[in-house]
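Colleague: model this:
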Amino acid sequence: MTNKIFMLMTFIGVPLSIIGTLLHWSSILLFIIYCLTIIALASYMGRATESLAIVAGPRIGGLLNATFGNAVELIISIFSLKAGLIGIVLASLTGSVLGNLLLVAGLSFFVGGIKYKRQEFNIYDARHNSGLLMFAVMIAFVIPEVFSMNMNESKKLTLSVGISIILIILYLAALFFKLVTHRGVYNHDKENTVHEEETPEWGKGKAIAVLAIATIAVAYISEHLVHTFEVVAESFGWTEMFIGIIIVAIVGNAAEHASAVLMAFKNKMDIAVEIAIGSTLQVAMFVLPVLVLISLLFETSMPLLFSWQELIAMASSVLLMVVISNDGESNWFEGLTLIAAYVILGIGFFLL
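Modeller: Presented below is the predicted three-dimensional model:
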């Protein structure tokens, strides 16, 4: 029944999005249509991810979902960089990190925890990801801000480019470690038995095709959704930073949010955690560094420098996630704690 509703929303929402864009409908009306359509498309991405996870395993399934989801954000950010909106790009990427670590993981733990008193996920992956999260935010993001205080713009950009290259290399090495040299080494027994009993809804080829088509549709709608934010912000009294960190990040990652929560509801926590934390790592160690390098092609380059409010928010989120996830278990109260942290930060950025 739910799948039919989402299918109906997709087949109505996509044409309405295109028609409304061409006919220049009201920005607030288009904002609502775009958001509902993205949520409907997210359901297809979630089903495709589940099929891929059964066929290829939770790591690859979660990685593919995060990659296709972040491809949307990468496309939007490139357009924003070209327009010189560096502040919005950094704010939206900050929001992506906060959203994935606190909101996505929090909702996954909370929703899954209501149905199951205690849920487990791969503790070795959790510890591996914790180290990378600490490195990406505490070292690669905080250190440049500290060292750049007495640097000119040229040196700041050189520092940012150097760190970006190192982050990309380390991220690719981490994928090689997890998917090639140590694939299956740190699996736990539950992870192996769950997927043997299941039959995927779609085959590997169809699932990848659905992910690709849904991503293209989401990218198209998201690009036009960005143009409605200014009018919507004025109507509701939202600030530019609040839009970037909260609104753009939530909408841009809607597909990943829905997929992770759906997996947690089905007690597939390895996939849910891989989507939430894996997407965060991909944004911090790949998407953001790539954007720094791409910005060199435009008139205004983007250094890897955040505001102190953004840095403290990201560092606090990482520390909280590390403490909560390092035992390889979750429950609804831990999820509620993460959501509460996200709401507190959201209030702070709204009033900033």
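Colleague: residue ranges in the stretch 201-350 of the chain under the pLDDT threshold?
Modeller: 240, 251-256 (pLDDT under 70).
Colleague: now tell me what touches the helix or strand harbouring residue 234 from outside.
Modeller: Using DSSP states H and E, the element containing residue 234 is helix 229-236. For helix 229-236, contacts defined as CB atoms under 8 Å, 6 or more residues apart in numbering pick out 27-28, 31, 238-240, 243, 247-248. Every C-beta, even on glycine, is put in place using the N, C-alpha and C of the backbone.
Colleague: out of these, which is nearest to residue 39?
Modeller: residue 31 (12.9 Å; CB to CB).
Colleague: quick check: the gap between the closest one and residue 232.
Modeller: 5 Å (CB to CB, to the nearest Å).
Colleague: what about the strands in the stretch 101-250 of the chain?
Modeller: Secondary structure of the stretch 101-250 of the chain (DSSP state E, counting those that start in this stretch): strands at 119-120.
Colleague: mind checking how far the host helix or strand of residue 314 is from the chain centre?
Modeller: Element membership of residue 314, judged by DSSP H and E, is helix 308-325. Relative to its parent chain, helix 308-325 has a centroid offset of 15 Å by CA atoms, centre = their mean, to the nearest Å.
Colleague: got the buried residues for that helix?
Modeller: Buried positions in helix 308-325, judged by neighbour count with 16 or more other CB atoms under 10 Å: 310-311, 313-318, 320-322, 324-325.
Colleague: for stretch 258-270, same thing?
Modeller: Here stretch 258-270 shows 258-265, 268-270 as buried, counting by 16+ other CB under 10 Å.
Colleague: stretch 214-234 now?
Modeller: For stretch 214-234, by 16+ other CB under 10 Å, it's 214-215, 217-223, 225-226, 228-229, 232.
Colleague: ditto for stretch 98-106
Modeller: In stretch 98-106, counting by 16+ other CB under 10 Å, buried: 98-106.
Colleague: looking at those, which are in helices?
Modeller: 98, 105-106 (DSSP state H).
Colleague: between those residues, which is nearest residue 114?
Modeller: So of these, ranked by how close each gets to residue 114 (CB to CB), first place is residue 106, at 12.7 Å.
Colleague: what sits closest to the closest one if chain neighbours are left out?
Modeller: residue 338 (3.1 Å; CB to CB, 6 or more residues apart in numbering).
Colleague: how about the helices in the stretch 151-300 of the chain?
Modeller: In the stretch 151-300 of the chain, the helices defined using DSSP state H, counting those that start in this stretch lie at 153-176, 189-196, 204-226, 229-236, 240-242, 249-252, 254-265, 269-282, 288-294.
Colleague: need the pLDDT of the residue with the largest distance to the centre of the chain.
Modeller: Residue farthest from the centre of the chain, counting by CA atoms, centre = their mean, is residue 150 at 33.0 Å. Per-residue pLDDT puts residue 150 at 80.
Colleague: swap in residue 193?
Modeller: pLDDT, residue 193: 47.
Colleague: and what of residue 198?
Modeller: At residue 198, pLDDT is 67.
Colleague: same question, residue 6
Modeller: 80.
Colleague: residue contacts, it?
Modeller: 40, 43-44.
Colleague: that one: helix or strand, and which one exactly?
Modeller: helix 2-23.
Colleague: buried residues of the next helix or strand after that helix, list them for me.
Modeller: Using DSSP H and E, the helix or strand that follows helix 2-23 in sequence is helix 27-56. Using 16+ other CB under 10 Å as the test for burial, helix 27-56 gives 27, 30-31, 33-56.
Colleague: from the chain's centre, how far out does whatever helix or strand comes next after helix 27-56 sit?
Modeller: Following helix 27-56 in sequence order, the next helix or strand is helix 58-82 (DSSP H and E). Put simply, helix 58-82 sits 8 Å off its chain's centre (CA atoms, centre = their mean).
Colleague: go on, stretch 259-278?
Modeller: With CA atoms, centre = their mean, you get 13 Å for stretch 259-278.
Colleague: on that earlier part again, closest one of the buried residues of helix 308-325 to residue 87?
Modeller: Distances from residue 87 to the buried residues of helix 308-325, taken by CB to CB, are shortest for residue 310, at 10.3 Å.
Colleague: who's in contact with the residue lying closest to the closest one once chain neighbours are set aside?
Modeller: Nearest in space to residue 310, with sequence neighbours left out and distances taken as CB to CB, 6+ apart, is residue 94 at 4.4 Å. By CB under 8 Å, 6+ apart, the residues touching residue 94 are 244-245, 249, 306, 310, 313-314.
Colleague: could you pull out the buried residues of the helix or strand containing residue 94?
Modeller: Applying DSSP H and E as the criterion places residue 94 in helix 86-98. Using 16+ other CB under 10 Å as the test for burial, helix 86-98 gives 86, 88-98.
Colleague: now do stretch 273-282
Modeller: 273-282.
Colleague: ok now it, how far from the chain's centre?
Modeller: Distance, centroid of stretch 273-282 to centroid of chain: 7 Å (CA atoms, centre = their mean).
Colleague: hmm, back to that, what's the closest of the contacts of residue 94 to residue 287?
Modeller: residue 249 (12.3 Å).
Colleague: quick check: the closest one touching residue 92?
Modeller: Yes. In this structure residue 249 lies within contact range of residue 92 using CB atoms under 8 Å: 5.5 Å.
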